[in-house]
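S.K.: All I have is the shape, not the residue letters:
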């Protein structure tokens, strides 16, 4: 069972086509990542206070349907892979059972001092939970 | 003659009504303020490098017409008032001669160290130009 | 007792000063307005389906303190005034008891067909609740 | 020689790390697409007036460096592939010669009436120019 983050679509996020503009999905994914860490017991600001941060180096999204204002979106998020200095999150955005978008993001762990790559900190791995790909 | 900053409306800024959502006007005003300072010879990052910044403490906007995607907006901006630690900018957003929005913002000058109020720095006053209210 | 809408600050809404950039407050106010109507039994999309909409004609905001990422904001919202074709909402953004921002917005009621002003529809007045200014 | 679209980074687009938050890159790509079509003689609103639109079905981005407020970004954009109902744009975001981000987006052509897929309209193909992959 993946962790699920709820999205309340803002009026301003829907464009002239009446659907959420693509850019806002990256806001939803970022929110879902923060919520996943919080669910795992780690507040992101706390991670930074310990001298670590993450940087997005790759993201890809595939849309199969629209998301509209007034709809309640849900974002499933799960840990897909872990490398030495990076990890991959997988996402599925849906409205109930109707699929909207799948996505995958790759983050590298960095030190806040100098922004150099580091091994993914244990405190972060613990919060991310087990590897359990969505797809 | 006030300084004029050009706005290229983004597709994503127009909402389901087909007009720019109110929030984005504050982005336009912020861009216009930065452009005004640059026009006056001061890059905003340079201001911060000298240990000063400004904070918005009041803004008000009045809309009289829409701005649409594909239209070229223009933002007139001028210095309306100067106080000891604050200054007021006045704005008029229009499409050609057609008025869209008038606005006014009040900024206080602060030190980046500690964010305490300071007298408006001379370098900032020089860049803002003469007091020359739009209205 | 005013209606209160909760704000979860997004990471991307905090700027280089580490505080929520002014523009996003207008997103919060819009969300609070929609939530107020929903609380009063009216979904905004339903209002539009009945042929009515509202347009923002005036807004003003006063900031007294910062809102940071990771903080939980709360937006009190209440009906301040009702005119023939317009109504005014008052807002107070705070973190617990610490005040952040006060704001006021004026909306006019319009027909979605032609966008002409109309008397504020009864269904909207009913949802807005009693006049009960915050200040 | 690809078409190049200029990006003026907004203050609000830089986050607490002092770099442009990932989401805004999708705004830049969308702007670059619109600018490419305009460069090819087609205004996007005109395309829609003729009954056609495009929908984003896939996007991927790879970041190799930061973009900061005050920097002038440039987005190279070129047509990478054309299918029956879809086409792919390739992008490279850079600051002068320094690479920041590469990206690729896949659009499908649709009718604005009913949003069904259609063969990519000739008027659109003409505006997109020759296939000339960046990579």
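M.R.: Structure received. It should be emphasised that the depicted structure is a prediction, and the values quoted were computed from it without experimental measurement.

S.K.: other SSEs contacting the worst-scoring helix or strand of chain A on mean pLDDT?
M.R.: Sorting the helices and strands of chain A by mean pLDDT, DSSP states H and E puts helix A:44-49 at the bottom, at a mean of 86. Contacts defined by 3 or more C-beta pairs under 8 Å, 6 or more residues apart in numbering or on different chains; DSSP states H and E place helix A:44-49 against helix A:23-39. All C-beta spots, glycine's among them, are computed from the backbone N, C-alpha and C.

S.K.: How far does the least confident helix or strand of chain A sit from its chain's centre?
M.R.: Helix A:44-49 has its C-alpha centroid displaced from the chain centroid by 16 Å (C-alpha atoms, centre = their mean, to the nearest Å).

S.K.: For it, buried residues please.
M.R.: By 16 or more other C-beta atoms under 10 Å in any protein chain shown, the buried positions in helix A:44-49 come out as A:44, A:47.

S.K.: Can you pull out the residues in contact with that helix?
M.R.: Contacts to helix A:44-49, defined as C-beta atoms under 8 Å, 6 or more residues apart in numbering or on different chains, come from residues A:34, A:37, A:38, A:53, A:54, A:112, A:121, A:123, A:124, C:11, C:69, C:70.

S.K.: got the contact list for the second one?
M.R.: If I follow you right, that is residue A:37. If you count contacts by C-beta under 8 Å, 6+ apart, then residue A:37 has A:43, A:44, A:47, A:124, A:127, A:128 around it.

S.K.: ok, now with 6 Å
M.R.: For residue A:37, the contacting residues are A:44, A:127, by C-beta atoms under 6 Å, 6 or more residues apart in numbering or on different chains.

S.K.: can you check residue A:121 too?
M.R.: Residue A:121 makes contact with residue A:52 under the criterion C-beta under 6 Å, 6+ apart.

S.K.: rerun at 8 Å
M.R.: A:47, A:50, A:52, A:109.

S.K.: By neighbour count, which of those wins?
M.R.: Counting neighbours by other C-beta atoms under 10 Å in any protein chain shown, residue A:109 comes out on top of these with 22 neighbours.

S.K.: so which helix or strand takes in that one?
M.R.: Assigned by DSSP states H and E, residue A:109 falls within strand A:98-111.

S.K.: Check the offset of that strand from the chain's centre.
M.R.: The chain centroid and the centroid of strand A:98-111 are separated by 5 Å under C-alpha atoms, centre = their mean.

S.K.: Would it count as contacting chain C?
M.R.: No. Against chain C, strand A:98-111 shows no contacts by C-beta under 8 Å from any C-beta of the partner chain, the least distance being 13.2 Å.

S.K.: Pull out the buried residues from that strand.
M.R.: Going by 16+ other C-beta under 10 Å, strand A:98-111 has these buried residues: A:100, A:101, A:102, A:103, A:104, A:105, A:106, A:107, A:108, A:109, A:110.

S.K.: just stretch A:85-101 next, same as before
M.R.: Residues of stretch A:85-101 classed as buried: A:86, A:87, A:88, A:89, A:90, A:91, A:92, A:93, A:94, A:95, A:100, A:101 (neighbour count, 16+ other C-beta under 10 Å).

S.K.: Quick check: what element follows the least confident helix or strand of chain A along the chain?
M.R.: Next helix or strand after helix A:44-49 toward the C-terminus (DSSP H and E): strand A:52-63.

S.K.: buried sites along stretch A:115-134?
M.R.: Neighbour-count burial for stretch A:115-134 [16+ other C-beta under 10 Å]: A:120, A:121, A:123, A:124, A:125, A:127, A:128, A:134.

S.K.: Correct me if wrong, but the third one is in a helix.
M.R.: Spelled out, that is residue A:123. Yes. Checked against DSSP: H, G, I helix; E, B strand; the rest coil, residue A:123 lies within a helix.

S.K.: show me what contacts it?
M.R.: For residue A:123, the contact set (C-beta under 8 Å, 6+ apart) comprises A:42, A:47, A:50, A:52.

S.K.: Just put the buried residues of stretch A:115-134 in CSV and tack on distance to residue A:17.
M.R.: Output for the buried residues of stretch A:115-134, formatted as CSV (distance: C-beta to C-beta, whole Å):
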residue, distance to residue A:17
A:120, 39
A:121, 42
A:123, 42
A:124, 38
A:125, 40
A:127, 37
A:128, 35
A:134, 27
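
S.K.: Would you agree residue A:120 falls within a helix?
M.R.: No. Counting by three-state DSSP, residue A:120 is located in no helix; its state is coil.

S.K.: Do I have it right that it meets residue A:85?
M.R.: Yes. Contact status for residue A:120 versus residue A:85: in contact at 6.5 Å, counting by C-beta atoms under 8 Å.

S.K.: Name the residues contacting each of those two.
M.R.: Counting by C-beta under 8 Å, 6+ apart, the common neighbours of residue A:120 and residue A:85 are residue A:109.

S.K.: Can you name the residues of chain A that neighbour chain D?
M.R.: Proximity of chain A to chain D (C-beta under 8 Å from any C-beta) is limited to residues A:17, A:21-24, A:26-27, A:30, A:53, A:55-64.

S.K.: Weed out the non-buried ones from those.
M.R.: Buried by 16+ other C-beta under 10 Å: A:17, A:21-24, A:26-27, A:30, A:53, A:55-57, A:59-61, A:63, out of these.

S.K.: Hmm, residue A:115 is touching residue A:54, no?
M.R.: No. The pair residue A:115 / residue A:54 is not scored as a contact, 10.9 Å apart, by C-beta under 8 Å.

S.K.: In which helix or strand does the most far-flung residue of chain A relative to its centre reside?
M.R.: In terms of distance from the mean C-alpha position of chain A, residue A:16 ranks first, at 26.2 Å (C-alpha atoms, centre = their mean). Assigned by DSSP H and E, residue A:16 falls within no helix or strand.
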